[in-house]
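In: build the 3D model from these lines:
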Amino acid sequence: MTARLLTDAPARTDDTVVLDYDQRLMRRKLLTTARGRDFMVSLPGVTNLDGYWGFELPGPLFIRIDPAPEAVLVVTGDLTRLAWHIGNRHTPCQILPDRLMIREDHVLERMLTGLGATISRASLPFRPEGGAYGHGRTMGHSHGEDEHSHALEPSAATFGWHDHGDGKLHFHAPPKVAR
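Out: Numbering: from 1, shown residues only. So this is what the prediction gives:
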């Protein structure tokens with residue numbers, strides 16, 4: 001069965017699929033629901049599923065996407081200052097009125113503690129803020145019409161080590177500046 005993405009909740013939910021933050025960035029993947037139903041996701045490009053309610057399967061069956069609990073650091077303190085330092089490291093961050101949440105990272109934990117943050121560990125669903133430029137992921141970027149096209153002019157947004165959701169790293173050199 002091939003799935004169709006849904007942005008709005010239908011009248012009923014037939015099943016759920018539980019995915020962590022990394023798993024919610026996909027292009028093509030076989031998923032299994034909580035009730036053991038397998039279905040194929042085949043999207044035109046790598047897609048952040050955080051902006052979608054779930055999937056419609058033939059029948060129709062409606063499968064809701066639920067974020068999986070993950071190891072996170074719950075950060076409290078001077079949230080504005082701490083959020084600036086987290087953002088300066090291009091780290092995905094969930095921003096709540098009374099706390100920030102980032103995925104567990106001992107280096108960032110040490111840095112934030114040094115900045116006066118109070119840190120606690122938890123296992124919670126992680127839904128960080130999307131990227132400022134419509135990519136839905138803090139470190140996301142586009143390469144043009146398809147996921148392997150490198151048609152864009154190099155810029156700060158398109159260089160460095162990264163992958164396209166498939167775990168295969170590649171590198172774009174920064175643009176050369178004429179002197």
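
In: low-confidence regions, the protein specifically.
Out: The chain contains residues with pLDDT under 70 at 1, 131-179.

In: where do the helices of it begin and end?
Out: Along the chain, counting by DSSP state H, helices occupy 79-88, 106-114.

In: indicate which one of these is closest to Val72.
Out: Val72 sits nearest to helix 106-114 of all these, at 10.9 Å, using Cβ to Cβ. For glycine as for every other residue, the C-beta is placed from the backbone atoms N, C-alpha and C.

In: and this structure, split by domain according to the record?
Out: Following automatic domain parsing, one gets these domains for the chain: 4-67, 69-125, 141-179.

In: for the ones you listed, could you give me a markdown table that also reports mean neighbour count?
Out: Listed next are the domains of the chain as a markdown table, based on neighbours: other Cβ atoms under 10 Å:
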| stretch | mean neighbour count |
| --- | --- |
| domain 4-67 | 15 |
| domain 69-125 | 15 |
| domain 141-179 | 11 |
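
In: what about the longest strand in this protein?
Out: Secondary structure of the chain per DSSP state E: the longest strand is strand 38-48.

In: quick check: Ile102 touching Met111?
Out: No. Ile102 is beyond contact range of Met111, at 10.8 Å (criterion: Cβ atoms under 8 Å).

In: got a list of what the closest residue to Leu100 other than its chain neighbours touches?
Out: Sequence neighbours aside, Val75 is the residue nearest to Leu100 in space, at 4.2 Å (criterion: Cβ to Cβ, 6 or more residues apart in numbering). For Val75, the contact set (Cβ atoms under 8 Å, 6 or more residues apart in numbering) comprises 82, 86, 99-102, 112, 117-119.

In: going by distance to Val18, which of those residues wins?
Out: Nearest member of the contacts of Val75 to Val18, counting by Cβ to Cβ, is Met101, at 17.9 Å.

In: so the closest one bridges to which residues?
Out: Here Met101 sits in beta bridges with Val74, Gln94, as judged by DSSP bridges.

In: from Asp14, how far out is it?
Out: Distance, Met101 to Asp14, by Cβ to Cβ, to the nearest Å: 30 Å.

In: which stretches of this protein form strands?
Out: Under DSSP E, the chain gives strands at 4-6, 15-19, 25-32, 38-48, 54-57, 61-67, 69-76, 94-96, 99-103, 118-125, 160-162, 170-172.
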